Every structure is written in C-alpha cells, then in structure tokens.
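Asks: Build the 3D model from these lines:
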Amino acid sequence: MHLVRRALLASLIFVWISPLTHAQALTPAQQADLKGAYRFERANWVYVHLHGTPHQIGFQHGYLLAPEIEQAFQVARLDNTHSTGLPWHFFRATAKNIYWPHIETQYREELQGIDEGLKAHGIHNIDLWDVIAINGFLETPQYYVPWLQQTQHIKNSADLKAPGNCSAFVATGDWTRDHHPVIAHSMWYPFMAGEDWRIIFDIAPEHGYHILMDGFPGKIDSGDDFGINSAGIEITETTITGFTGFDPNGVPEFVRARKAMQYSASIDDFERIMLAGNNGGYANDWLIADNRTNEVARLELGLKVHRLWRTKNGYFVGSNFPSDPTLIKEETDFDPNDPSNSMNARHKRWNELMAQYKGQIDAKLAEKFLADHVDAYTGKKGADERTLCGHIDLSPRGVPEWGTPPFSPSGAVNAKAADSALVSHMSFYARSGRPCGEPFLVKPFLAAHPQFAWEAPLLRDMKGNPWALFHADDHASSAIAHAGN
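Replies: I've put the predicted structure just below:
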C-alpha cells in the first residue's frame with residue numbers, strides 16, 4: 001500500500017507540477033520550489049499540500065491553484081466593485097497603500113510567491129496588488145469603505161455594514177461524548193463567491209505549526225476561519241453583525257488570522273496575536289479550543305473593545321451576535337432584543353440543541369446541527385435565513401443584516417466538523433455546498449429574481465456533495481468518509 005500511495009503521489013506531482021502547454025518552462029529553482037507539493041480533488045474540495053519557506057509556500061499556492069485563483073479574482077472583483085460602486089483600481093490602491101505597509105516580511109514573501117506562481121503557470125492578468133486585494137476582499141468593502149464613508153465622506157452611495165456570516169459552536173466537558181472538545185462551523189456568504197470556498201490547505205511551514213484549514217483561492221488565511229494546527233489548537237469564528245470600526249494603520253485581519261493559526265500553542269497565544277496591531281477588520285467572535293487542556297474559549301474582538309470568555313466545562317456558540325454590552329453599544333448597531341432576526345433566532349436554536357444533546361455531542365452530531373432547518377423564531381421546520389443551515393435564497397422576508405432586496409443568492413456554502421480524536425490526528429470532516437446537501441440551481445433562481453442578473457456570468461450551480469474526511473499529509477487515495485445527512 002505504501003508503494004501504491006507513493007506511485008499515486010508521484011503521478012499527481014507530474015500532472016500538476018510539470019510545465020503546462022500554456023505556461024512558461026519552469027526554471028530549476030522553480031522546479032525545486034515545487035518539489036513535494038501536490039493537489040487533488042475530493043467531494044468538490046481541492047486539497048493542496050504546501051510546505052517550506054514563505055516564498056515556497058506562496059509559489060506552490062499560486063502555481064497549483066492558478067485556475068481557481070483566476071476564477072476567484074474575477075468573482076472578488078465583480079463582488080467588490082458592485083457592492084461598493086468603486087472601481088477595481090481603488091482596491092488595488094488599498095492593497096498597496098493600506099495593507100502592504102503593515103504586512104510583515106514572511107507574509108510579504110508568501111504573497112509575492114503566489115504572484116510568481118501564477119505567472120509561472122501562464123497567468124499574467126493578475127499581479128501582486130490583485131493578490132493582496134483578494135486577501136482583503138472581505139475587509140475592504142465591509143470595514144474599510146464604511147470607515148471611509150463615515151470619516152472621509154467619500155462619494156459613494158452604497159449603504160455598507162458588516163454582515164452576519166456563519167454558524168458555529170465549540171463544546172467540551174460534560175457537553176461532549178468524550179469530555180474533550182468538539183468544534184464545527186458553516187460558512188455563509190453570497191453564492192457567487194461562496195462557491196469558491198472549497199480549498200483544503202495543508203501547510204507545513206518552515207517556522208510555526210503544521211496547519212490544516214479550509215480556505216479561498218489566493219488567500220493566505222482561511223477567510224471563513226476553520227482550522228487546526230499541530231499544537232492542538234482549533235479555531236473558528238462568526239462575524240459580528242452591524243460592526244463599524246477600522247484602523248488603516250493596523251495590521252490586516254487576514255495577516256493576524258493566518259499568524260494566529262500558524263503560531264498559537266494556547267488560547268492565550270491566539271488572543272495575543274489577534275490583538276497585536278488589531279485594525280478592526282473582519283471583526284469576529286472567535287471560538288477556540290485547546291485539545292491538550294480541553295479548554296474552550298470565545299474571543300469577541302472589535303476594534304476598541306474585546307472580551308475573552310473561557311471554560312473547561314461548557315460551550316460557546318456563534319451566529320453573528322455580539323455579547324459584551326459595551327461592544328454592542330459602542331461598535332455595533334446590533335439589536336439583542338429582536339427575536340426575529342437571524343442572529344438571535346439561531347442563537348436560541350444553538351442553545352436548544354446544546355441542552356437537548358448534552359453529553360452526546362461529537363463530530364457526527366455536529367454535522368447534524370449544521371444541517372438543521374428549524375426556525376426557532378417561528379418554531380417551524382423549514383430552511384430560511386434564521387436556520388442554522390442558512391438558506392437566504394429562500395428567505396420569506398426582508399433580511400436587514402444582509403441588506404436589500406430581501407431575496408439573495410446567499411447562505412451556507414460549506415461545513416466542517418472535528419472532535420478531539422480527529423484533531424489529534426490533524427483531521428476534520430468537511431462538506432462542500434450547503435450543510436444539508438441540498439443544491440442551489442442558478443437558472444430557476446434568476447428566473448424568479450432577475451434583479452440578480454448582474455451575477456449571471458459568474459454565479460454557478462452549487463450541487464450537493466457528501467461529507468469527506470481530510471487530514472494533514474493526505475493523498476488522493478483516501479476514500480470519501482460517508483454520505484452525510
């Protein structure tokens with residue numbers, strides 16, 4: 001079996017690392033940088049193994065994921081320019097003038113490596129500033145541009161605010177089957193870009209801990225933020241709805257999030273790294289677990305206000321609701337007393353599920369939770385924007401936290417879950433597409449909602465896919481784990 005896997009791996013490297021017909025011939029140095037890197041596809045995920053120095057990791061990333069990065073670039077550009085009304089050169093300038101000065105050397109080298117890997121693959125319509133703009137495509141329109149609107153009075157008619165993305169939980173002690181941590185997360189985003197959130201990054205860096213995380217092509221961090229490292233730290237988050245605040249002199253969130261994933265050996269490490277140079281971008285409620293100590297935590301991180309809760313016997317859930325009264329008052333327009341909004345309804349449903357399954361929670365139950373279609377506000381079963389498996393395209397009403405119009409091709413686009421045994425082996429389960437497995441089909445949606453025709457060139461069907469198991473140093477011969485829900 002070992003020899004079979006070695007032969008399969010060698011064939012994978014040949015397919016994806018050898019010079020392609022439309023690419024320039026690789027130099028000996030480039031061939032050396034790609035040695036040992038590989039990719040394969042499973043259950044609609046693209047798995048990439050990257051390792052080495054920051055430049056090598058970046059070059060492998062850019063080269064192996066060149067087709068996906070090119071697609072992601074088109075999506076990010078259309079998404080950002082349409083939502084803000086600003087031209088793409090604004091986002092390139094933001095990358096160069098706002099983000100680049102605050103990116104430390106190791107991540108500058110990785111970003112430059114991505115750019116060089118793209119060019120080696122034959123893609124020359126994307127450069128370094130585009131790569132950095134892709135990395136900031138969440139921070140710029142949802143945090144930096146609203147700050148500019150408020151402080152610089154830029155001429156821009158878009159009504160922008162931080163949206164509520166994702167459902168997640170972390171639990172330990174008496175709440176879980178083995179009294180060790182369980183963590184799970186579903187990414188919510190407009191489907192046009194959300195469909196591209198299907199990369200499994202297996203990164204073995206020269207310095208820091210081995211990382212296994214999901215992510216978006218071209219981004220050095222996860223972006224939707226689900227990952228584990230070889231120190232036993234598990235990380236996920238949900239965004240803080242209605243948050244406002246940004247420091248253009250701070251460190252980009254995508255840099256801090258990646259650094260925290262790579263260098264945290266404790267919950268304290270994670271808090272310290274995320275606070276250092278905090279720019280307020282992509283403000284989240286972070287859910288963290290330490291698989292060695294069985295402790296879980298929730299770091300609510302705004303710009304000026306933050307708070308850390310932690311326990312070895314309990315749980316924390318995320319559905320885009322902030323909890324600290326000072327942060328709510330000073331940095332958001334969130335209404336904690338409205339039971340009909342998505343954030344509070346999902347919060348209620350999370351608490352119901354935690355109570356119902358106390359002492360039984362494991363990775364399999366986590367998958368069931370993420371696929372849940374109970375609307376806790378109405379008490380009825382039926383997928384919508386208030387269910388843990390978010391179906392905003394089926395929303396029966398306006399969704400103010402997502403803006404108008406009320407219908408949107410948005411919602412949950414993937415799901416991930418892990419228990420302590422999986423994390424001990426650097427593994428997790430992942431499902432591409434909706435957590436429930438139901439498809440989203442473009443043609444009937446656009447026929448019913450032609451106001452979204454602007455997305456038609458890049459909006460794609462999102463098919464149902466099975467749950468699959470991924471682990472560090474994975475190879476394509478590993479089988480799909482199970483069909484799921």
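Asks: So which elements touch the longest helix along the chain?
Replies: Longest helix in the chain, counting residues (DSSP state H): helix 66-84. Where contact means 3 or more CB pairs under 8 Å, 6 or more residues apart in numbering; DSSP states H and E, helix 66-84 is packed against helix 88-94, helix 105-120, helix 128-135, helix 191-194. C-beta: built from backbone N, CA, C; applies to glycine.
Asks: which residues are in contact with the third one?
Replies: Contacts made with helix 128-135 from outside it, assessed by CB atoms under 8 Å, 6 or more residues apart in numbering, are listed as 62, 69, 72-73, 76, 80, 88, 91-96, 99-100, 103, 111-112, 114-115, 118, 140, 216-221, 252, 254.
Asks: swap in the shortest one?
Replies: For helix 191-194, the external contacting residues (CB under 8 Å, 6+ apart) are 72, 75-76, 78-79, 137, 187-188, 216, 393, 409-411, 413-414, 440, 455, 458-460, 462.
Asks: what do you get if the cut-off is 6 Å, keeping everything else the same?
Replies: 75, 79, 409, 413, 440, 455, 458-459, 462 (CB atoms under 6 Å, 6 or more residues apart in numbering).
Asks: So which of those wins on neighbours?
Replies: Most neighbours among the contacts of helix 191-194, by other CB atoms under 10 Å: residue 413, with 27 neighbours.
Asks: What pLDDT does the model give it?
Replies: We have a pLDDT of 97 for residue 413.
Asks: can you check residue 480 too?
Replies: At residue 480, the model reports a pLDDT of 48.
Asks: pLDDT below threshold where in the stretch 101-250 of the chain?
Replies: Applying pLDDT under 70 to the stretch 101-250 of the chain picks out residues 155-159.
Asks: roughly how far apart are the most centrally placed residue in the chain and residue 289?
Replies: Centroid-nearest residue in the chain: residue 224, 1.4 Å away (criterion: CA atoms, centre = their mean). Distance from residue 224 to residue 289, counting by CB to CB, to the nearest Å: 17 Å.
Asks: mind listing the strands in the stretch 201-350 of the chain by residue range?
Replies: Using DSSP state E, counting those that start in this stretch, the strands of the stretch 201-350 of the chain run over 211-215, 226-229, 233-239, 284-290, 295-301, 306-311, 314-318.
Asks: export these to TSV and tack on mean neighbour count and distance to residue 126?
Replies: Output for the strands of the stretch 201-350 of the chain, formatted as TSV (neighbours: other CB atoms under 10 Å; distance: least, CB to CB, whole Å):
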stretch	mean neighbour count	distance to residue 126
strand 211-215	26	17
strand 226-229	28	25
strand 233-239	26	27
strand 284-290	27	28
strand 295-301	23	31
strand 306-311	16	35
strand 314-318	23	33
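Asks: can you redo the ones you listed as JSON lines with distance to residue 277?
Replies: Output for these, formatted as JSON lines (distance: least, CB to CB, whole Å):
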{"stretch": "strand 211-215", "distance to residue 277": "21"}
{"stretch": "strand 226-229", "distance to residue 277": "21"}
{"stretch": "strand 233-239", "distance to residue 277": "18"}
{"stretch": "strand 284-290", "distance to residue 277": "16"}
{"stretch": "strand 295-301", "distance to residue 277": "12"}
{"stretch": "strand 306-311", "distance to residue 277": "13"}
{"stretch": "strand 314-318", "distance to residue 277": "24"}
